[in-house]
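A.B. asks: Sequence and predicted structure are below.
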Amino acid sequence: MWFTNQRGEEEFTGGQDDWAGAARLASTCPYFNPDVEEEFVADDPVSCYNCRYRRWSTGSFTCLKKDKA
Amino acid sequence: MKIFVSIDDTDNIESRGTGELASILADDVEKKGWGISSYITRHQLLVHPDVPYTSHNSSMCFSADVDERSLMPLISYAADFLEKESAEGSDPGLSVAVAERLKDPEALIEFGRRAKQVVLTQKDAYDLAQKLEIHLTPHGGTGHGVIGALAGIGLRLSGNDGRLKGGLKIGAENSIFSVSDICAHPHVDAVSSMEGYTLEPEERVRMGDKMKTVLMGGKSVLLVMPSGGEPGDVPWRTCPRQLLKIF
Ligand code: SF4
């Protein structure tokens, strides 16, 4: 689910278009917290792509709760 | 006269979003009798390791029709508002431009486009704002949000960038509406396919859940796609939200 990028941060392996994978991951994550409406991009409300703790990177996202999740 | 108001980098990971602050500001313009505000658009800026941002690298812009005498009080109110309401650790920026006084709109649009593609500096933003005589001020932290605030006006002015803030509710999910009925909604100007075909007033569309419009050709456009050709179905349905991510 995660790989280490060149800056040593862990990024989601599914990139920015793995809608099913991001929904699956969020569905079991105790830290999921919906972002503000205008930043929602996924149709599945519970998705890492709609989570307050995802930070977009160039090709994917990192998770601010990753060490805890 | 028509003005554009744009703000950026007012939030942090736990706070309310920049969009909510833009909504309050747009409402306050009306409550104070300064003018009539339009819808708010959200503009995605470059995501790059060298671009610092506190929560989301997107700016929010709205236009308003205001009386000339309201301009200075409005700017001063917006500046105070950002200083009071922005989240701790954020780097807010405010930009206000008067449409009819814009000396070189193309330069501003180009700045907006570049803010989506390359790393720009605060100096780039201040230089351009000074040249075009646009209000641009920092309101806390590093003030880095001035770049996004100025870019937000350029992108709004381009007429072809961003999603409208807020969901669109027209009937129940799966209900069928004609394009003319959809365009009766105050926040929908047109209904088009992703490929740019503008639907005729009598064409019919199946509504989705959580719909949103995007800014295309200077209009608030509801995007649709072929519905899949099931027997008895109408030819079009609204695009799912994930297809709007590119706007
Ligand atoms: S906290 Fe991280 S892993 Fe959990 S849903 Fe949010 S982005 Fe995904």
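C.D. replies: Now that the structure is in, tell me what you want to look at. Numbering: from 1, shown residues only, chains lettered A, B, ... in the order given.

A.B. asks: And whatever residue of chain A ends up closest to chain B, what's its pLDDT?
C.D. replies: Chain A approaches chain B most closely through A:Val36 (3.5 Å), counting by CB to the nearest CB. For the C-beta atoms, the positions are set from N, CA and C on the backbone; glycine is no exception. Confidence at A:Val36, expressed as pLDDT, is 93.

A.B. asks: what residues are up against it?
C.D. replies: A:52, B:11, B:16-17, B:19-20 (CB atoms under 8 Å, 6 or more residues apart in numbering or on different chains).

A.B. asks: closest to B:Arg204 among these?
C.D. replies: Within the contacts of A:Val36, proximity to B:Arg204 (CB to CB) peaks at B:Gly19, which comes in at 31.7 Å.

A.B. asks: Can you tell me the centre-most residue of chain A?
C.D. replies: For chain A, A:Cys48 is the residue whose C-alpha lies nearest the centre (CA atoms, centre = their mean; 3.4 Å).

A.B. asks: cool, chain B as well?
C.D. replies: Central residue of chain B (CA atoms, centre = their mean): B:Thr41, at 1.4 Å.

A.B. asks: on that earlier part again, how near is the residue of chain A closest to chain B to B:Glu203?
C.D. replies: 33 Å (CB to CB, to the nearest Å).

A.B. asks: And for B:Leu150?
C.D. replies: B:Leu150 is 39 Å from B:Glu203, by CB to CB.

A.B. asks: Can you pick out the residue with more neighbours from these two?
C.D. replies: B:Leu150 (32 against 17; other CB atoms under 10 Å in any protein chain shown).

A.B. asks: just checking, that one touches B:Ala125?
C.D. replies: Yes: the pair B:Leu150 / B:Ala125 is scored as a contact, 4.7 Å apart, by CB atoms under 8 Å.

A.B. asks: shared neighbours, those two?
C.D. replies: B:93, B:111, B:136.

A.B. asks: so how far is the first residue of stretch B:172-186 from its last?
C.D. replies: Start-to-end span of stretch B:172-186 (CA to CA, to the nearest Å) is 18 Å.

A.B. asks: That stretch near chain A anywhere?
C.D. replies: No: applying CB under 8 Å from any CB of the partner chain, one finds stretch B:172-186 separated from chain A by no less than 11.6 Å.

A.B. asks: The residue nearest to the centre of chain A contacts A:Ala26, doesn't it?
C.D. replies: Yes: shown here, A:Cys48 and A:Ala26 form a contact pair, counting by CB under 8 Å, at 4.8 Å.

A.B. asks: what do the two both touch?
C.D. replies: A:Phe32.

A.B. asks: list the contacts for the residue of chain B found nearest the ligand?
C.D. replies: The nearest approach of chain B to the ligand comes at B:Ile13, 10.9 Å away (CB to the nearest ligand atom). By CB under 8 Å, 6+ apart, the residues touching B:Ile13 are A:52-53, A:64, B:54-55.

A.B. asks: how about those, which pair is most distant?
C.D. replies: A:Tyr53 and B:Thr54 (13.4 Å).

A.B. asks: Chain A against the ligand: which residues are in contact?
C.D. replies: Chain A comes close to the ligand at residues A:25-26, A:29, A:31-32, A:48, A:51, A:53-54, A:63, A:65, A:69, as judged by CB under 6 Å from any ligand atom.
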